[in-house]
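>>> Sharing a model that was predicted from the sequence below.
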Amino acid sequence: MATGSTQPLMVSATATLAAGTSSANIALAGTGEAVLVYNATSAIAFIRFGMDASVVATSADMPIPPGSRMLIHAGDFSKTVAALLSSGSGAVYFSRGQGTVY
């Protein structure tokens with residue numbers, strides 16, 4: 001791919017994390033370097049990627065605003081993701097694939 005070009009996101013799989021005010025983690029499904037994160041809650045979600053089930057998210061990690069999406073280049077080595085919410089509970093979706101735009 002040429003420098004500066006874009007490639008539409010091709011999702012290989014989606015994992016759903018039941019998030020709350022304590023950190024929880026799940027294995028990322030599918031393959032690819034890109035992860036589209038969708039915070040379906042009404043609170044800020046804080047996320048952290050890792051290589052195993054020991055990954056823990058804190059309020060100092062990447063914030064995802066409520067009701068929004070963010071495309072992140074997590075790399076091939078990210079195998080798990082952790083998240084916690086600033087309040088309440090709800091679902092945070094992680095769709096893994098290849099691409100630079102959605």
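Nice, I can see it. Numbers count the residues shown, from 1 in each chain.

>>> Stretch 60-75: which residues count as buried?
Neighbour counts over stretch 60-75 (16 or more other Cβ atoms under 10 Å) mark 61, 64, 66, 70-72, 74 as buried. Where you see a C-beta, it was placed from the backbone N, CA and C, and this is true even at glycine.

>>> What is the nearest of the residues you listed to Ser87?
Distance to Ser87, by Cβ to Cβ, is smallest for Pro66 among the buried residues of stretch 60-75, at 9.9 Å.

>>> returning to that earlier point: and the buried residues of stretch 60-75, which is closest to Leu36?
Using Cβ to Cβ, Leu71 comes nearest to Leu36 of these, at 5.2 Å.

>>> can you tell me the helix or strand for the closest one?
Leu71 belongs to strand 69-73 when elements are defined using DSSP states H and E.

>>> Sheet-wise, list the partners of that strand with their directions.
Each strand that pairs with strand 69-73, with its direction, by DSSP bridges: strand 34-39 (antiparallel).
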